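**Q** next comes the sequence, and after it the predicted model I'd like to discuss.
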Amino acid sequence: MNDTPLIACSRMYNVSPAIRARWDDLFTWASDQAGVALEIIAHAVPAPLPELWARPDMGAVFMCGYPFSRLPEDKRPVILAAPVCKASWSGDRPRYASHIVVTADGPACSSTGMGRAVWGWTVRDSQSGYHAPRAFLAGRARENPAVMRTVGPLVNPTGILEALHAGRIDVGAIDAYAYELLSLHEPDILTGLKIIATTEPMPCPMLVAARAAPARRVSALREALLQAHERAGGRAVLDPLALARFELPDASDYRVLPELADATNLRIPQW
């Protein structure tokens with residue numbers, strides 16, 4: 001291995017200590033397979049994600065497709081691979097969605113009247129926690145966006161869940177893959193909650209490397225991830241993460257995200 005490590009970070013999806021440990025297992029396996037030293041870091045809340053994505057030593061870091069697509073092409077990090085979740089909403093593709101979640105006995109326990117509910121949101125550059133629920137609501141013509149009440153930023157899916165349980169919000173959108181991981185490893189945190197809708201699947205967050213990272217090392221890490229499902233050790237680290245495999249998406253796949261966000265801004269300008 002090269003003695004100068006690149007960093008690996010699952011911040012977007014290490015939604016509990018137990019789940020972070022499973023990501024660490026994946027990064028360790030990929031590092032060994034690729035022969036590329038990786039320093040696994042937390043970059044824990046409240047550290048801003050844009051600071052992480054700007055680091056020149058990224059080797060395998062999760063990045064949301066929305067901020068990726070907003071960057072000029074010559075400033076974007078290099079895509080390694082995107083995960084394919086085993087859940088049905090993925091369509092066996094590197095896609096994800098947002099679950100619209102409420103408390104089972106709360107005031108917004110059905111899909112009607114959600115425009116009058118108090119919505120929680122994560123951060124404004126999040127596809128799953130901000131743009132997806134706005135597009136979902138904008139598409140519901142019978143709702144009146146003028147009466148929207150919102151609470152945020154709640155930072156991440158955990159923040160949404162905590163606000164729901166505390167009664168600070170009536171409804172929130174949670175990244176469906178994060179929800180899948182929580183249902184596998186932390187089911188208690190989902191007790192008393194109800195999914196009332198799921199948004200249209202979109203290109204999912206991907207693992208990226210910095211543009212400055214050596215091309216040979218990036219290629220080796222990419223190949224390790226893309227071949228993980230074909231190897232016994234790889235399957236052993238994919239299964240606890242509810243992943244079927246990794247695929248290499250095209251950067252152009254992510255153009256739809258800012259296009260939809262811009263269209264939604266015309267419908268719900270005040271949220």
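**A** Ah, there it is.
**Q** and for T198, the neighbour number?
**A** When counting by other CB atoms under 10 Å, one arrives at 18 neighbours for T198. From N, CA and C alone the C-beta is placed, and that goes for glycine too.
**Q** pretty sure it contacts A97?
**A** Yes. With contact defined as CB atoms under 8 Å, T198 reaches A97; the gap is 5.1 Å.
**Q** who touches both of these two?
**A** W89, A176 (CB atoms under 8 Å, 6 or more residues apart in numbering).
**Q** hey, where'd the helices end up in the stretch 101-250 of the chain?
**A** 132-138, 157-166, 176-185, 215-226, 232-238 (DSSP state H, counting those that start in this stretch).
**Q** which strands and helices sit next to the longest helix seen in the chain?
**A** Criterion DSSP state H: the longest helix present in the chain is helix 17-34. The contact analysis (3 or more CB pairs under 8 Å, 6 or more residues apart in numbering; DSSP states H and E) places helix 17-34 against strand 6-9, strand 38-40, helix 176-185, helix 215-226, helix 232-238.
**Q** what about that helix, average pLDDT?
**A** Per-residue pLDDT over helix 17-34 has a mean of 98.
**Q** who's in contact with it?
**A** With CB under 8 Å, 6+ apart as the criterion, helix 17-34 contacts 1, 8, 10, 13-14, 37-38, 40, 42, 60, 181-182, 185-186, 217, 220-221, 223-225, 227-228, 231, 233-234, 237-238, 240-241.
**Q** how about it: buried residues?
**A** 19-20, 22-27, 29-31, 33-34 (16 or more other CB atoms under 10 Å).
**Q** now, which of those residues sits nearest P258?
**A** Of all the buried residues of helix 17-34, W23 has the smallest distance to P258: 27.4 Å, by CB to CB.
**Q** distance of A8 relative to G91?
**A** Distance, A8 to G91, using CB to CB, to the nearest Å: 27 Å.
**Q** more crowded one of those two?
**A** Comparing A8 with G91 by other CB under 10 Å, the one with more neighbours is A8, at 25 against 12.
**Q** give me the pLDDT for the more buried one.
**A** 98.
**Q** how about A215?
**A** 97.
**Q** and what of A138?
**A** At A138, pLDDT is 86.
**Q** the closest residue to it other than its chain neighbours and A244: what is the separation?
**A** Nearest non-adjacent residue to A138, counting by CB to CB, 6 or more residues apart in numbering: R267, 3.7 Å away. The gap separating R267 from A244 is 35 Å, by CB to CB.
**Q** the more surrounded of those two?
**A** Using other CB under 10 Å, the more surrounded residue of R267 and A244 is A244, with 17 against 14.
**Q** pretty sure that one contacts D92?
**A** Yes. With contact defined as CB under 8 Å, A244 reaches D92; the gap is 6.8 Å.
**Q** overlap in contacts, these two.
**A** Residues touching both A244 and D92 (CB under 8 Å, 6+ apart): V84.
**Q** pull out the buried residues from the contacts of helix 17-34.
**A** By neighbour count, with 16+ other CB under 10 Å, the contacts of helix 17-34 hold 8, 10, 13-14, 38, 40, 60, 181-182, 185-186, 217, 220-221, 223-225, 228, 234, 237-238, 240-241 as buried.
**Q** thank you, goodbye.
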